[in-house]
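S.K.: test case, fold it:
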Amino acid sequence: MRKRKMSVIVFLFLLGVFWERPTSASNCQISKIAGNSSANAASLSWSLGDCVSKVDYVSVEVNHTSWLACFNSSYDRSEGSGHQVFNVSYTRIDISRLYPYSTYLAVLKAIKGDSVLGEGQVEFTTESDVPDSKPKPKLKGESDTYRHTIRFFWDDPSSEDCMYQNGRKDGYWVELRGLDPWVTEPLIIKNQSVTANEFYVGDLMPYTSYKLRVYSKNVGDLINQNVYLELQERTKPGIPSRPVNLTSTTISESSIYLSWKPAYPATGLIQEYRVRQGVYLPGGDVAWSTEISVDTGHHTACTSFNRIEGYVCYVVNDLRPATIYVFQVQTVNKDIESPSDWSERTTSETASPTIVTVLPSGVEEKTTSTSIIHHEETGNNTALVIVLCLVVAAVILGIVSAFLVYKFKLDKLKERLRLEQSISLSRLESSYGPGSISTQGTNYTVSPLSIQSRRLPEPPPHHVSSQPFDYQGYLDMSTPSRRSSKSARSANNQIQVDSEDMDGYLKPTFPQTDMISPEIGEDRFSTIPTQSYGTTTNSSQQHWEPNPDVTNVRPDLLPPGNVDRSSPASLNSSNSHHQLIISKSVDI
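M.R.: Next up, the predicted model:
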């Protein structure tokens, strides 16, 4: 029995020894847990003491517990901002993606393998931020509007949106802005904080639209400029202002054209205009006689320029000729009993009637009438027409100028080509042409062909001599081969003549000077065999026969068949009356 008790005691001792080992390890405590938070983040730190070497990592679990702006203690446990788990091997952690103005619980566990050696927890709160909620509008018609004041109303944000308040609500921030063109400056007319759910503003313009932006505001003047409620109202219409720029223009002897512009800015929806007319009394006062109602549709009677500028136009008819009329206009707004004051006066005189003069019978009837000037208010149309006319004129002028320049250059080119062609032909003629033959005592020039067609006087028989002469300036029309052959024959068959009478025969009549033309070189001068005929000094008479070589070259030297060259009368040739001048025309 005693042995059995001893065995139980030993077993319990050993069991106690082995049971106390994990218990001693669980003595590792996570202490000195501290937190620092902002609106959307938090930082946690802690200490493990002597268990740092025994811990593999620390598990941090963060859970959202409530939104402080909500009174129903609602919370969010969705993954992300509502629930996050981190495993870290160091003693600090930064947590992000948290809800503003909310409470969180962080649980820390020291892990060794699969065992938890120690744990700790801490609760922290995030800071406030700008609200993501906005107030709700009241039912339409809740605002009070008057001619110069507006009272705006709204409701608090919905309780279901408390999680978007992101802080402790501290009233509202309002900004008043104008919508119509005449109230766009400044951009923000009024801005201020309000605690109630309404805003009253005065000193406004009648019949003008305004909008009010309402922002939720948290403690610390935290306002989200991107989230707001916008309310819009228009002040009621008031008494209209009188029209401006009233003008009148005479159309005829019974009509006058009126134009005016409504006052700006408008004070209400215009219902109609009233036009009154009158005439001057002797004392200078005006006797108003007629009042005309003009609706707003009469702006169609204006010119295009006046319509764009917003004028209203009307033609007053049934007036007396040659009468001075005075006009005034006033405005009547819809739902407003009182009209505006009368505008400034405008005065115009109708045209005089047409005068027909009755003349006696047989005299042409003439009609005279008073000149009427109708001033058309053309405005920008006239300027546009003038600009278009100037543009068209400039284009036409440019085209004409270009054509004239082209024509001038073309004429200059043609003249230059003609001049170059004339110079080329002149040089060609001076180099290769036979020249021209001028008749002495006349003022005309004949071609070489015409002088060659004239017959020369026949030489008398037995008075023929052939002698070469070298005369500069004489044009040799024969080829070089013929010149050489003729020179040879002349040398062999030369007939010496002691004394020759050349009167009436072919001989040069121009001065024999040693002048050399710039265009004709010395190589152009040649010795030309000529036939000289006249009375010889020899007493012996030789029978004359034509030289075939000479006649082949100059067929005009052949004597006619019925002419007796032995007669002295035959020596009188036509050359005695028409002396020939053989010259070479040279263009320099």
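S.K.: can you give me the helices in the stretch 201-350 of the chain?
M.R.: For the stretch 201-350 of the chain, the helices defined by DSSP state H, counting those that start in this stretch occupy 304-308.
S.K.: and for the closest residue in space to residue 274 that isn't next to it in sequence, the neighbour number?
M.R.: Once flanking residues are discounted, residue 274 sits nearest to residue 330: 5.0 Å by C-beta to C-beta, 6 or more residues apart in numbering. For the C-beta atoms, the positions are set from N, CA and C on the backbone; glycine is no exception. The local packing of residue 330 (other C-beta atoms under 10 Å) involves 18 other residues.
S.K.: so residue 330 sits against residue 270, correct?
M.R.: No. Residue 330 lies out of contact with residue 270 (C-beta atoms under 8 Å); the separation is 11.0 Å.
S.K.: export stretch 184-203 as PDB, just CAs?
M.R.: The C-alpha coordinates for stretch 184-203 follow below in PDB (Å, rounded to 0.1, in the frame of the first residue of the first chain):
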ATOM      1  CA  THR A 184     -20.900  88.200 -61.500                       C
ATOM      2  CA  GLU A 185     -18.400  90.500 -59.800                       C
ATOM      3  CA  PRO A 186     -17.200  89.900 -57.300                       C
ATOM      4  CA  LEU A 187     -17.400  86.100 -57.600                       C
ATOM      5  CA  ILE A 188     -18.400  85.600 -53.900                       C
ATOM      6  CA  ILE A 189     -20.700  88.300 -52.600                       C
ATOM      7  CA  LYS A 190     -20.900  87.100 -49.000                       C
ATOM      8  CA  ASN A 191     -19.400  84.200 -47.000                       C
ATOM      9  CA  GLN A 192     -19.600  83.400 -43.300                       C
ATOM     10  CA  SER A 193     -20.200  80.700 -40.700                       C
ATOM     11  CA  VAL A 194     -23.800  80.000 -39.400                       C
ATOM     12  CA  THR A 195     -25.000  77.600 -36.700                       C
ATOM     13  CA  ALA A 196     -28.600  77.500 -37.700                       C
ATOM     14  CA  ASN A 197     -30.100  75.800 -40.700                       C
ATOM     15  CA  GLU A 198     -30.900  79.100 -42.500                       C
ATOM     16  CA  PHE A 199     -29.300  82.200 -43.900                       C
ATOM     17  CA  TYR A 200     -30.700  85.600 -44.400                       C
ATOM     18  CA  VAL A 201     -29.100  88.100 -46.900                       C
ATOM     19  CA  GLY A 202     -30.200  91.600 -47.800                       C
ATOM     20  CA  ASP A 203     -29.200  94.500 -50.000                       C
END
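S.K.: in that stretch, what counts as buried?
M.R.: Judged by neighbour count (16 or more other C-beta atoms under 10 Å), stretch 184-203 contains these buried residues: 189, 197, 199, 201.
S.K.: follow-up on the earlier one: dump the residue contacts of the residue nearest to residue 274.
M.R.: Shown in contact with residue 330 (C-beta atoms under 8 Å, 6 or more residues apart in numbering): 242, 243, 273, 274, 339, 340, 341, 342, 343.
S.K.: any low-confidence regions in the stretch 151-300 of the chain?
M.R.: 299-300 (pLDDT under 70).
S.K.: make it 80
M.R.: Within the stretch 151-300 of the chain, the stretches with pLDDT under 80 are 297-300.
S.K.: how about the strands in it?
M.R.: 169-178, 190-194, 198-201, 209-218, 222-223, 229-234, 244-250, 256-261, 270-280, 286-294 (DSSP state E, counting those that start in this stretch).
S.K.: give me the helices and strands touching the shortest one, please.
M.R.: To tie it back to what came earlier, the one meant is strand 222-223. strand 209-218 (3 or more C-beta pairs under 8 Å, 6 or more residues apart in numbering; DSSP states H and E).
S.K.: the strand it packs on to strand 229-234, inter-axis angle?
M.R.: Relative orientation of strand 209-218 versus strand 229-234 (axes from the mean of the first three to the mean of the last three C-alpha atoms, to 10 degrees): 160 degrees.
S.K.: what comes up buried for strand 209-218?
M.R.: Buried, per 16+ other C-beta under 10 Å, within strand 209-218: 210, 212, 213, 214, 215, 216, 217, 218.
S.K.: strands paired with it, and their directions?
M.R.: strand 169-178 (antiparallel), strand 222-223 (antiparallel), strand 229-234 (antiparallel) (DSSP bridges).
S.K.: adding distance to residue 155 and mean neighbour count, write these out as JSON lines.
M.R.: Output for those, formatted as JSON lines (distance: least, C-beta to C-beta, whole Å; neighbours: other C-beta atoms under 10 Å):
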{"stretch": "strand 169-178", "distance to residue 155": "11", "mean neighbour count": "19"}
{"stretch": "strand 222-223", "distance to residue 155": "18", "mean neighbour count": "19"}
{"stretch": "strand 229-234", "distance to residue 155": "9", "mean neighbour count": "16"}
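S.K.: of all those, which lies closest to residue 382?
M.R.: Proximity to residue 382 (C-beta to C-beta) singles out strand 169-178 among the strands paired with strand 209-218, at 37.1 Å.
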